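Okay, predicted coordinates and the sequence, questions at the end:
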Amino acid sequence: MKVLIQQLDNAYSDELIDLILTIQQKEFNVPITIEDQPDLKKIESFYMESGGNFWGAFIEGELVGSIALVKFDERAGAVRKMFVKKEFRGKELNIAQVLLEVLVAFCRENGIDTIYLGTVSVLKAAIRFYERNHFLQVEKENLPARFPLMSADNVFYYLNVN
């Protein structure tokens with residue numbers, strides 16, 4: 001199976017919503033709805049206009065993973081919407097790793113020095129993944145003032161990419 005990573009725009013909103021809500025609600029029982037994530041309906045204005053981006057991982061035309069970057073400061077960004085469909089996770093395809101590497105490369109090319117992220121403590125595999133990739137935990141009160149908080153998040157990390 002060949003994984004293709006490509007930039008996403010508003011044309012992919014419905015596929016993204018389907019991918020992300022299924023994982024959030026059905027797999028992990030996180031009480032979050034599309035109303036809590038209006039950014040998924042306006043990818044271009046929310047992510048790209050400020051200098052961020054949104055990528056998807058496709059296998060044979062099917063969207064199986066996503067990652068996004070919100071640039072919230074001159075040299076800082078927030079990792080958002082990091083999801084991989086359950087049956088495509090793991091070392092074999094390494095989709096999460098490839099998506100993160102694409103995002104980090106974009107940051108280096110675009111002068112973003114530090115990336116931050118919030119996640120939920122129940123997502124143990126995600127936390128292990130970030131720690132394996134040298135993300136360091138940061139207390140909520142020590143996040144940059146302009147970091148875009150998501151209400152469900154209760155664990156926070158940062159990574160210096162340069």
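Here it is on my side, so go on. Numbering: from 1, shown residues only.

CA atoms for contacts and neighbours, from now on please.
Will do.

what mean pLDDT does stretch 27-37 have?
Stretch 27-37 shows a mean pLDDT of 89.

And for stretch 82-89?
Computed over stretch 82-89, the mean pLDDT rounds to 96.

now stretch 60-70
On average, stretch 60-70 scores 97.

So what touches that stretch?
Here stretch 60-70 makes contact (C-alpha atoms under 8 Å, 6 or more residues apart in numbering) with 1-3, 15-16, 19, 46-48, 50-58, 77-85, 88, 95-96, 99-100, 103.

you'd agree residue 151 is in a helix?
No: assessed with DSSP: H, G, I helix; E, B strand; the rest coil, residue 151 is coil; it does not lie in a helix.

sec struct for the closest residue to residue 50 other than its chain neighbours, please.
What sits nearest to residue 50 in space, not counting adjacent residues and going by C-alpha to C-alpha, 6 or more residues apart in numbering, is residue 71, at 6.0 Å. Using three-state DSSP, the structure places residue 71 in strand.

Distance check, residue 71 against residue 77.
According to C-alpha to C-alpha, to the nearest Å, residue 71 stands 4 Å off from residue 77.

any shared contact partners between these two?
By C-alpha under 8 Å, 6+ apart, the residues touching both residue 71 and residue 77 are residue 52.

Low-confidence stretches in the protein?
Filtered on pLDDT under 70, the chain yields no residues whatsoever.
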